[in-house]
Every structure is written in structure tokens, then in C-alpha cells.
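okay, predicted coordinates and the sequence, questions at the end:
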Amino acid sequence: MRPPSQYNQEIATEADDNEPDPRLGAMMICTRLAGRAVIRVVGRCNEAKETENLDLSDCQLMQVPDAVYHLMRHTELKTCDLSDNVITKIPPKFAANFNLITDLNLSHNQMAKLPDECAEMGSLERLDISYNTFIDLPNCIFRIPNLKYLNANTNHIVDVEVECLKEAPSLEDVDLTNNPIAPRIHEALSSIIRMRISLSPREKEDWEDLTI
């Protein structure tokens, strides 16, 4: 006969096996949240079929879902708002599928680059990439033929290809405030008069600050 201690151990083990996985609750919550996000995206896509304005802001997106391209395939979108998500990049096919957009809002995401294909968005007039993680302005921006307004404030931009910016075909207004732009670039940008460029006051370098 087995000693009572062994019975107790087996009962305890069996009880442990019957206890719910503590991770199950978190998994169920995540599933519900994901389900709500999908419902929200589909609902907004359906609204965009009527308004031609796609608003996918604050939808917990890490990327633009493939389903969006499918749902919007017969709609000529005029604007697209992808702000307040956690998107790290947009794919080249985005520009091909939404090349009639005039206003694109990518602010408050985690992007550091744009695909070169964005230069082919011939109708785009306003682009907002503020509150992201760009360290320079993507080269494609300088080649968007009808882009008039660029908001790139509050990034990590240190360098700007000044000559490319000067040659941008339609740019009129560029917001580069709240970026750690290098002093040399800051001075060069300040001298541009063909377009309005907003800059934060230049921070002095250590050798310029005589109080140190």
C-alpha cells in the first residue's frame, strides 16, 4: 500500500493540472482587443467607400492590413489617415494602390523611412510624418511632383539634403521644428527663401557657449 504522503502528492499534482493556465485570461483579452480592432478597420473601410476618406487612426495597427487594399480596390481615395498607430513602415504597394490620395497623415507612428514608390503619388499635396523616428528626410519626398506641405516636426532629424529640398518641384511649406538638426544644416535651411521652412531655434555647440 502506498503511504498517505504519496496520495497527497498525486492529489496535489492532479489539482495543479486542473488549474486554468494563468496566461489564458491575458490571451482572451488580447483576442477580444484584436477582434475589436478588425471590426473597427472593416467598418472604417466601408465608410470610406462612401466618403473617399479613409480614417484608420488609432486602430492599433502595426502595418496596413492586406485586407484594406482588397476592401478599397474599387474606391478612389482622396485622403488617408494612419496616425496614432504603431506602424513601422508602409510597403511599396501602398503608393500603387492609393496613388490618387491628396492628403496622407502618418503622424504618431514608429516609422523611420518611406518607400521610394511614394514619389509616384502624383496627386499628393499634403504629407504629415510628424512624431515618428526619422533621422533624415526620405529622398522620395523631394520627388513627389505636387507635394506642397510637409510636416516633419518632432522626429530625430539631424541631416537634410538641402540641395534636393531646394529642387523639390512644388514644396511651399516645410515644418522641421523639434528636430536636432545639425548647426550647419540649420544655417543652410534658414537661408532658403523659395519656400517657408519652420525651424526650432538652433542650439549652440559647446565651443560657441562661452558660459561653459
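Thanks, I have it.

strands of this protein, start to end?
Secondary structure of the chain (DSSP state E): strands located at 53-55, 79-81, 103-105, 126-128, 149-151, 173-175, 196-198.

now render those as TSV, adding distance to residue 64 and mean pLDDT.
(Each C-beta comes from the backbone N, C-alpha and C, glycine too.) Converted to TSV, those look like this (distance: least, C-beta to C-beta, whole Å; pLDDT from 0 to 100):
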stretch	distance to residue 64	mean pLDDT
strand 53-55	10	97
strand 79-81	9	98
strand 103-105	12	98
strand 126-128	16	98
strand 149-151	20	98
strand 173-175	24	98
strand 196-198	29	97
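
let's have these in CSV, adding distance to residue 187 and mean neighbour count.
Formatted as CSV, the entries for the strands of the chain read as follows, by distance: least, C-beta to C-beta, whole Å; neighbours: other C-beta atoms under 10 Å:
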stretch, distance to residue 187, mean neighbour count
strand 53-55, 39, 19
strand 79-81, 35, 20
strand 103-105, 30, 22
strand 126-128, 25, 21
strand 149-151, 20, 20
strand 173-175, 16, 18
strand 196-198, 12, 15
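
quick one: these as JSON lines, columns for distance to residue 69 too.
Below are the strands of the chain laid out as JSON lines (distance: least, C-beta to C-beta, whole Å):
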{"stretch": "strand 53-55", "distance to residue 69": "11"}
{"stretch": "strand 79-81", "distance to residue 69": "12"}
{"stretch": "strand 103-105", "distance to residue 69": "15"}
{"stretch": "strand 126-128", "distance to residue 69": "20"}
{"stretch": "strand 149-151", "distance to residue 69": "25"}
{"stretch": "strand 173-175", "distance to residue 69": "30"}
{"stretch": "strand 196-198", "distance to residue 69": "34"}
